[in-house]
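**Student:** Generate a structure from the sequence data that follows.
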Amino acid sequence: MSGRAAVLHVLRRAGSVLGRGRAAFVRGWAHPRLKWPKRVAAGAVVLLVVPVLTAGVSLRLQYAGDPAPGTRTRERDAVWLGHAWVDGRNGEAQLAELVQRMRGTGVRDLYVHAGPLEHDGSLRASRYPKARWLVRAVRQELPGVRVQAWLGDVLSTEGKTGMDLGERATRERVVRSARQVLDAGFAGVHFDLEPLHSGDRDYLSLLDDVHAVTRGTPRGTDLLMGLPAFHTDNIGHRESAETVAAAVRGARLGLSREDARRERFGVALYGDFAATPGDWAAYRRGWGAPTSD
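**Tutor:** Numbers count the residues shown, from 1 in each chain. Predicted coordinates:
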């Protein structure tokens, strides 16, 4: 089914459902035996169905169409790597497999889980004993690819037990942790601190302090969109919908409509510890070929 046909099909289905819902609602509301609470419940169901269907149609419309030519890798992509790369579990054999998967792609950055940070912002060196080995090996096998430390922790922003960025001493220890992983050979630091609220001044202050440690980094900012290479079915995730192929297509459509020639843009695969050969193939097929279609 073409994109246009699919959209028309969804619209027809939505119209049909809404029509049936409206008719049922009118009949139910007027029914003499339907008591007031049940009438309210019937009305609430219809009011709930309408926005859900509207949102569904809107999303389907946004996903329709064809990506513009040239909306593929800008050689600024990334992959999140699990802790096994720095704690000794992965070795030469796993590295050879990773190199094979990455060759010919636009991956330029590896975010390697070297944490987690302690709640006070400190980082135990015992968490990443194989960091230097990994950095040297990637430099040798994948010249030009940067290896960055991925550091994270749970924040206390929503009453949970975790890191309090409002404490200056905590932020200072995070900065020292950043310097620590740079001294271990990492090219930079990638933070995953959550739940993080928009405009958090303590976090922005932390970034200013860390920037003083990590400057020489390139000017400008790269925008990276995540590719969900995990396979989970629960209340928050749907494996059949959250796929690498769907995410790549969405990224290409977004570029096509907003800024097809944008250079400072990439995608990031999350994560190597969950990605299947099919996920890597979808990334390569949909996004990995440089320049044009």
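**Student:** And the helices in the stretch 51-200 of the chain?
**Tutor:** Assigned by DSSP state H, counting those that start in this stretch, the stretch 51-200 of the chain shows helices spanning 92-102, 131-141, 168-183.
**Student:** among those, which is nearest L223?
**Tutor:** Of all these, helix 92-102 sits nearest to L223, with 20.8 Å by CB to CB. In short, each C-beta sits where N, CA and C put it, glycine included.
**Student:** mean confidence score for that closest one?
**Tutor:** For helix 92-102, mean pLDDT rounds to 95.
**Student:** Give me the buried positions along it.
**Tutor:** Residues 95, 98, 101-102 are the ones in helix 92-102 that count as buried (16 or more other CB atoms under 10 Å).
**Student:** In JSON lines: these, plus distance to H237.
**Tutor:** Output for these, formatted as JSON lines (distance: CB to CB, whole Å):
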{"residue": "L95", "distance to H237": "30"}
{"residue": "L98", "distance to H237": "25"}
{"residue": "R101", "distance to H237": "24"}
{"residue": "M102", "distance to H237": "26"}
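**Student:** Please tell me how far G82 sits from G159.
**Tutor:** Relative to G159, G82 is positioned 29 Å away (CB to CB, to the nearest Å).
**Student:** Mind checking which residue lies nearest the centre of the chain?
**Tutor:** G226 (3.1 Å; CA atoms, centre = their mean).
**Student:** Am I right that that one falls within a helix?
**Tutor:** No. If the criterion is DSSP: H, G, I helix; E, B strand; the rest coil, then G226 is strand and not within a helix.
**Student:** What are the neighbouring residues in contact with it?
**Tutor:** 247, 267-270 (CB atoms under 8 Å, 6 or more residues apart in numbering).
**Student:** Bridged to it, which residues?
**Tutor:** Note on G226: beta-bridge partners by DSSP bridges are A268.
**Student:** I'd like the distance between it and R238.
**Tutor:** Relative to R238, and taking CB to CB, G226 is found at 16 Å.
**Student:** ok, which stretches of the stretch 151-293 of the chain are strands?
**Tutor:** 188-194, 223-228, 265-270 (DSSP state E, counting those that start in this stretch).
**Student:** Reformat the helices of the stretch 51-200 of the chain as CSV; add distance to H190.
**Tutor:** Listed next are those as CSV, based on distance: least, CB to CB, whole Å:
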stretch, distance to H190
helix 92-102, 17
helix 131-141, 14
helix 168-183, 10
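**Student:** Name the member of the buried residues of helix 92-102 with the shortest distance to P129.
**Tutor:** L95 (15.8 Å).
**Student:** Spatially, which residue comes closest to the closest one, not counting chain neighbours?
**Tutor:** Excluding the flanking residues, the one nearest L95 by CB to CB, 6 or more residues apart in numbering is A137, at 5.5 Å.
**Student:** can you list the domains in this protein?
**Tutor:** Domains of the chain are assigned by automatic domain parsing as 3-62, 77-288.
**Student:** For this protein, give me the ranges with low pLDDT.
**Tutor:** The model of the chain has pLDDT under 70 over residues 1-64, 217-219, 289-293.
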